[in-house]
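Trainee: 3D model of this:
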Amino acid sequence: MDHYALVGCAHIHTPGFIEKLKQRTDLKVTRVWDPRPDRAAQRAKELDAQVAPEPQTIWKDESIRAVVICSETNLHEELVQGAVQAGKHLFVEKPLGFAGKDALAMARAIENAGLLFQTGYFMRSSANHQWLKKEVDRGSFGIISRARHSNAHSGSLGRWFDTEWRWMADPKIAGCGGFGDLGTHSLDILMWLLGDVKSVAGDVNVVVDHYDGCDESGEALIKFESGALASVAGAWVDVANPFTCMISGTQGYAHIHDGKLYAKGEAFDGEGKKLSIVEDLPPSKPHAFDLFLDAVTRDDSEARAFLVSPTEAAARSIVMSAIYESSRERGWIEV
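Mentor: Numbers count the residues shown, from 1 in each chain. Sure thing, here's the model as predicted:
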């Protein structure tokens, strides 16, 4: 049975990950560390694990094969570098880095060490996004001219970050606010579909100001190296987000509305005369976190092939950092 460690328990997704870990019979979390001893003790009790007094206790434990890093973002680089030097496979909650420099340093260290890596870009696993990826790669849309992806919820309106998760609304610790937190998922899907980014222009805003000036909403224009233009949205102040994705090309069109995928084009229905619901979808893949556990513990080659690479994770941090810079500078930023 593989042994894991939970390194940092700060992220809002930690409780969900703990439930997934508890359901596994092929692995065991044996140690938990967090800079707050009370938080470490709480999570260790839930996992029937021991509290590690410091990260080095985990790095030195040769029985621990992999670590799950759910710390505050400003602790990522130190923890990731420690895990890499100890030869531990890593799941690191998104975003990987505070900005470009630290994200690249972590990505290079992980890849040079030949370790398995994953981050929390769970949207790739959806059947809708997998279908879009397949059709984009096939060229079914022709020359893609426009795209859009939006990810939003009511976290700020609902005061989700008032207590235990307050650090996530402090950009000095989290590296971003509402736009970066949710928009990074949309950015990942757009870059997964359309490739490298050339330049960005964005604006991030405070809307209801529940968190001392932390941004709660944002939009950005992205110009891809392919020439395609896309927009990305992320927010904590939306009461609904029904239209999540759109792709338009010279030979096809698709959008996702209320979780249903619609498409039009000769490659999709043979005639391309009407917009129709796509029924023949691939099966959804496991959640990003489950894929990591399967890749490490079950040596699942299919799961390994679907992991987000360290370079991909770093690229998202770089582009997101450029969008925030664009908002401050009020202009286009070359990436």
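Trainee: quick one, what contacts the residue nearest to residue 204 when sequence neighbours are not counted?
Mentor: Spatial nearest neighbour of residue 204, excluding adjacent residues (Cβ to Cβ, 6 or more residues apart in numbering): residue 218 at 3.6 Å. Yep, even glycine has a C-beta here, placed from its N, CA and C like the rest. Residues in contact with residue 218 (Cβ atoms under 8 Å, 6 or more residues apart in numbering) are 178-180, 183, 202-205, 233-235, 323, 327.
Trainee: buried among those residues? Make that a PyMOL selection.
Mentor: Listed next is the PyMOL selection for buried residues among the contacts of residue 218, using 16 or more other Cβ atoms under 10 Å:
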select buried, resi 178+179+180+183+202+203+204+233+234+235+323+327
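Trainee: closest one of the contacts of residue 218 to residue 51?
Mentor: residue 180 (31.0 Å; Cβ to Cβ).
Trainee: so the closest one: helix, strand or coil?
Mentor: Of the three states, residue 180 takes helix under DSSP: H, G, I helix; E, B strand; the rest coil.
Trainee: count of neighbours near the residue nearest to it when sequence neighbours are not counted?
Mentor: Spatial nearest neighbour of residue 180, excluding adjacent residues (Cβ to Cβ, 6+ apart): residue 320 at 5.4 Å. Neighbour count of residue 320, defined by other Cβ atoms under 10 Å: 31.
Trainee: quick one: residue 320 and residue 147, what's the gap?
Mentor: 17 Å (Cβ to Cβ, to the nearest Å).
Trainee: swap in residue 8?
Mentor: Residue 8 is 34 Å from residue 147, by Cβ to Cβ.
Trainee: hang on, the earlier thing: hmm, the residue nearest to residue 180 is touching residue 184, no?
Mentor: Yes - the criterion here is Cβ atoms under 8 Å, and residue 320 meets it with residue 184 at 5.7 Å.
Trainee: which neighbours do those two have in common?
Mentor: Common neighbours of residue 320 and residue 184 (Cβ under 8 Å, 6+ apart) are 95, 176.
Trainee: just checking, residue 112 is part of a helix?
Mentor: Yes - counting by three-state DSSP, residue 112 is located in a helix.
Trainee: burial check on it, number of neighbours?
Mentor: That count, for residue 112 with other Cβ under 10 Å as the rule, works out to 10.
Trainee: contact partners for residue 225?
Mentor: With Cβ under 8 Å, 6+ apart, residue 225 has these contacts: 195, 196, 197, 198.
Trainee: which of those residues count as buried?
Mentor: residue 197.
Trainee: out of the contacts of residue 225, who's nearest residue 300?
Mentor: residue 195 (26.8 Å).
Trainee: and that closest one, what does it touch?
Mentor: Here residue 195 is in contact with 224, 225, 226 (Cβ under 8 Å, 6+ apart).
Trainee: now render the residues you listed as a markdown table, adding pLDDT.
Mentor: Shown next, in a markdown table, are the contacts of residue 195 (pLDDT from 0 to 100):
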| residue | pLDDT |
| --- | --- |
| 224 | 98 |
| 225 | 97 |
| 226 | 97 |
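Trainee: nearest to residue 292 among those?
Mentor: So of these, ranked by how close each gets to residue 292 (Cβ to Cβ), first place is residue 224, at 27.9 Å.
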